[in-house]
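Engineer: Let me see the structure of the following:
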Amino acid sequence: MIIAIAGMTASGKNTIGELIAKEFGYRVVCPTFKDIAKKEGISLMALQEKAAKDKNIDLKFDELLRQEVAKGNCVVTTWLGPWMAGADVKIAIVAPLKVRATRLAKRDGMTLKEAEKHVKERDEQNIKRYKSVYGIDITDYTGFDAVIDNSDKTPEQVNEIAMKIIETKSR
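Structural biologist: Numbering: from 1, shown residues only. Next up is the predicted model:
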C-alpha cells in the first residue's frame, strides 16, 4: 500500500508520516530539497530560487520519488507525493500559519518572525512553482481521503485519526 501525507511547510506531515510508517512497518519516502541543498552546499531558499528558474531540478527530484515508491509499501511525505506517487490513501495535514511558524521556530532555532517569513516564502514559492511546472494546486485537497487540522492535536492524536482513515480505506 502507498500512503501519501501532504501538507505545507511545518504542517507536521513528516512527523505523522513517520508514525504511520512505524505502525505498518513501512518505509518513509521523503527525499527533500533540504537534502539536495545540503549536498550542493547552498541554503534551502537558494535552491528554491534555483528551482524556480530550472524545472529540471523538480523533474529529477520527481523521478527519484517515483523510483522509491515503485519499491512498494511506503509512506510518502513529500510536497507532491499525493499527486505523483499513485497513492492508495491521501491525507492532508493542515494548521494555521502561526502554529506552523511556532513549530518551525522551535525546531530550527529561529525567532517567530523569521519562521513566519520562512514559512510564507516557502509556501508561496512551492505553490507558484508546482502550478507552473505541473499545473498542480497543492492547496486543493479535492480527492483526498481526509484533511486533518492538527493545530490543537498531538502527533499521536493525529496518527490515531489517520490510522482509522487508512484502515477504513484499505478494507
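Engineer: Where do the helices of the chain begin and end?
Structural biologist: Ranges of helices within the chain are 13-24, 33-40, 44-53, 55-69, 81-84, 97-108, 112-134, 155-169, based on DSSP state H.
Engineer: any chance of those in a markdown table, plus mean neighbour count, mean pLDDT and distance to Val147?
Structural biologist: Just so you know, the C-beta spots here come from the backbone N, C-alpha and C atoms, and that holds for glycine as well. A markdown table is the format used below for those (neighbours: other C-beta atoms under 10 Å; pLDDT from 0 to 100; distance: least, C-beta to C-beta, whole Å):
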| stretch | mean neighbour count | mean pLDDT | distance to Val147 |
| --- | --- | --- | --- |
| helix 13-24 | 20 | 96 | 12 |
| helix 33-40 | 14 | 76 | 24 |
| helix 44-53 | 15 | 80 | 25 |
| helix 55-69 | 15 | 82 | 22 |
| helix 81-84 | 22 | 92 | 11 |
| helix 97-108 | 17 | 96 | 15 |
| helix 112-134 | 16 | 93 | 16 |
| helix 155-169 | 15 | 96 | 10 |
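Engineer: Among the ones you listed, which comes closest to Ala4?
Structural biologist: helix 81-84 (4.0 Å; C-beta to C-beta).
Engineer: so what does the closest one touch, helix or strand wise?
Structural biologist: Identification of packing neighbours for helix 81-84 by 3 or more C-beta pairs under 8 Å, 6 or more residues apart in numbering; DSSP states H and E yields strand 2-6, helix 55-69.
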